[in-house]
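Chemist: pasting the structure only:
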Ligand code: GCO
C-alpha cells in the first residue's frame, strides 16, 4: 500500500500577471519591460502581446469559479509591479491595489488560499530606464514594492514568494537574448544575478513584517545533462547547472555562489552582501518540466551552448522531453541540498490545441504527463523528499512569452477572440485526482 501524501497536501494551479491579466493600459497600470519587448519586431510569435491575454483583470471572478469547479485549495499568481507602482517606485496606483484586494477577497470567499509571487518578470519600464536589475538600487526598489504589497494584502495573504525563476529572466534577458531587455553583456549578466539576489534578501526582510508570513522563493530546477558523454560537454553541463540551477538558491539558502560564478560575481559583491542575501525562508518552490542539455561552445563567453533533447527521447506535444524520473530525482536533490519544505509550484505540458468538433479538448497527452509526474512526486515523497504541495502550470491557456499564444498549458482552454473558457479533459481529471487524494488522506 503506497503511503499517501501528507493529509494537508496543497493542490493548486499557477498563473502569472503578464501572462493572463491583460488590461495592460487600464486603470493606471504603467508599462513593463514586456510591453515594450512585445512591440519589437520579431520578438514574439505572430507579434502577440499581453495587452489582452486572458482578460483576467476583468474576468477574475469567472476564473475563481473555474478553480472552485476543479477543487483546488490554493492559487499561485503574481502581482504586477507596474500595476501597483506605475513608475516602479513612488506614488502607488490605488486602482491597481484595489484589483488585488478584489482578487484576494474572491479567493478567500471561495476557500482558495492565495499564494502571491511578487515578481514574475514584468519589471516596470521606468526602472529598466534606470538600469533595471543591473542597478544595485534595484534591491531597495524591490523591497519598497514588497512592503507596499505586504502592507495592503498581508492581513489576508500569508504565502509569499519573492521571485519566479530568476535564472531564466537573467540568462535570457542579459546573456542569451530572447527576453527583455535582450542584451548580451557578461558583466551586466553577473551584476543582475547579484542584484536580484540582494533584492530577494531585502524583500524577505520586508515581508517578515507580515504577521504569520510564510515566505519562499520559486526556482526552476532541471537536471543539466551533457549532449554527448565527453569531458568537454560534461564541463558545459556543469556550467549550465551552476547558472540555471544554483546561481540563486545556493546564495539565498546555503549562503554562497557556486565556485564557477564567484569571479564574475565578485566584481559586484560588497562586504556583508551574502548576509543580506541569505535570509531565513520557510519553503522552496520548485518549477520543473524536463531535463536540459548543454554542449561545449568555445565561442560562448559562458563556455556552453544549449543542446537539443536526444532525438529518441519521449516528448510532450511541444517537444519538451518527458522524463518523470528526472523530476523525482530533482525533488530528492533539492530536499537534500536545501533542506526546506518543497512545493512544486509549476509542472505541466504544453500543446498547440484547438476545440474539437464537440467543442471540447480531450487532452489525453497532458493527462498522461500530469499523472506520471504526480506519481514521480509521490515516489520522491516516499523516498524522503518533504514535498507539501503541487501546482499545475497552468489554470488557463495564456501568453507563453516568446511563443505568444501558440503554446497552450492550461487545464482550461481560452478562446482569445471571445475570451470563452472551456475546461479541458485534464481539468476534470485533476479534479478527480484531488478528490481521490482527499478521500485517501482522511481514510
Ligand atoms: C516559465 C514560467 C511560466 C511559463 C511556464 C511554461 O518557467 O517560463 O514560470 O511563465 O509559462 O513555465 O513555459
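Modeler: Received, thanks. Quantities reported herein were computed from a predicted structural model and do not represent experimental measurements.
Chemist: only C-alpha atoms from now on, for both contacts and neighbour counts.
Modeler: Noted.
Chemist: for residue 344, see how far away the residue nearest to residue 22 when sequence neighbours are not counted is.
Modeler: If the residues on either side of it in the chain are set aside, residue 22 comes closest to residue 52, at 3.7 Å by C-alpha to C-alpha, 6 or more residues apart in numbering. Residue 52 sits 28 Å away from residue 344, taking C-alpha to C-alpha, to the nearest Å as the criterion.
Chemist: of those two, which one has the most company?
Modeler: Counted by other C-alpha atoms under 10 Å, residue 52 and residue 344 do not tie: residue 344 has more neighbours, with 26 against 21.
Chemist: which residues of the stretch 51-200 of the chain fall in strands?
Modeler: 74-78, 113-119, 159-164 (DSSP state E, counting those that start in this stretch).
Chemist: residue 301: which of those is closest?
Modeler: For the strands of the stretch 51-200 of the chain, proximity to residue 301 was assessed by C-alpha to C-alpha; strand 159-164 is nearest, at 25.4 Å.
Chemist: from the contact counts, what lies against the closest one?
Modeler: For strand 159-164, the packing partners by 3 or more C-alpha pairs under 8 Å, 6 or more residues apart in numbering; DSSP states H and E come out as strand 113-119, helix 186-207, strand 214-220.
Chemist: could you rerun that using 10 Å?
Modeler: strand 74-78, strand 113-119, helix 138-153, helix 186-207, strand 214-220, strand 283-287 (3 or more C-alpha pairs under 10 Å, 6 or more residues apart in numbering; DSSP states H and E).
Chemist: looking at those, which is nearest to residue 42?
Modeler: helix 186-207 (23.0 Å).
Chemist: picking up where we left off before, can you redo the strands of the stretch 51-200 of the chain as JSON lines with mean pLDDT and mean neighbour count?
Modeler: Formatted as JSON lines, those follow (pLDDT from 0 to 100; neighbours: other C-alpha atoms under 10 Å):
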{"stretch": "strand 74-78", "mean pLDDT": "99", "mean neighbour count": "24"}
{"stretch": "strand 113-119", "mean pLDDT": "99", "mean neighbour count": "24"}
{"stretch": "strand 159-164", "mean pLDDT": "98", "mean neighbour count": "25"}
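Chemist: mind putting those strands into TSV with distance to residue 302?
Modeler: Converted to TSV, the strands of the stretch 51-200 of the chain look like this (distance: least, C-alpha to C-alpha, whole Å):
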stretch	distance to residue 302
strand 74-78	31
strand 113-119	26
strand 159-164	23
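Chemist: with respect to residue 438, which of those lies nearest?
Modeler: Closest to residue 438 of these is strand 74-78 (C-alpha to C-alpha; 14.3 Å).
Chemist: picking up where we left off before, between the strands of the stretch 51-200 of the chain, which gets nearest to residue 395?
Modeler: Evaluated over the strands of the stretch 51-200 of the chain, closeness to residue 395 peaks at strand 74-78, with 9.0 Å, by C-alpha to C-alpha.
Chemist: the closest one packs against which elements?
Modeler: Short answer (3+ C-alpha pairs under 10 Å, 6+ apart): strand 74-78 packs on strand 10-14, helix 17-20, helix 56-70, helix 94-109, strand 113-119, strand 159-164, strand 342-346, strand 387-393.
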